[in-house]
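*Asks:* The following block contains a protein sequence and its predicted model.
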Amino acid sequence: MPVGVATARWSPTCCGVSQWISQARAAILRKQNPKSLRALILGQLTPQPLIVADDVWASPSIDAEVGHLLLLPTGAVRKARPS
């Protein structure tokens, strides 16, 4: 299994926050810097900002600029702002 990919089960935590990864995996990821996490997700080093919007993204929109990378859930719909 590739690094960073694991089977995880969802379970609520005591604080009401969803838990999608194990506590052990979270401990490993907390030791990583943002640059290495971005490379882990994308499979390569890149200087562009990465916005990860999953199924629990709180906002109905994403404020991104040209050149930003977006990781969106399956079925996400792009609705461009009129120019």
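*Replies:* Thanks, I have it. Numbering: from 1, shown residues only.
*Asks:* Which stretches in this protein count as helices?
*Replies:* Listed in chain order, the helices of the chain (DSSP state H) span 23-30, 34-42.
*Asks:* residues of the last one that come out buried?
*Replies:* Within helix 34-42, the residues that qualify as buried by neighbour count (16 or more other C-beta atoms under 10 Å) are 38-39. Quick note: C-beta positions are derived from backbone N, CA and C, even for glycine.
*Asks:* Mind listing residues that contact that helix?
*Replies:* For helix 34-42, the surrounding residues in contact (C-beta atoms under 8 Å, 6 or more residues apart in numbering) are 3-4, 29, 32, 45-46, 50, 52, 69, 71.
*Asks:* what would those residues look like in CSV with distance to Lys79, pLDDT and neighbour count?
*Replies:* Shown next, in CSV, are the contacts of helix 34-42 (distance: C-beta to C-beta, whole Å; pLDDT from 0 to 100; neighbours: other C-beta atoms under 10 Å):
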residue, distance to Lys79, pLDDT, neighbour count
Val3, 34, 42, 7
Gly4, 30, 43, 15
Leu29, 32, 84, 13
Gln32, 33, 89, 13
Leu45, 31, 91, 9
Thr46, 25, 89, 13
Leu50, 21, 89, 15
Val52, 19, 86, 13
Leu69, 18, 90, 14
Leu71, 18, 87, 13
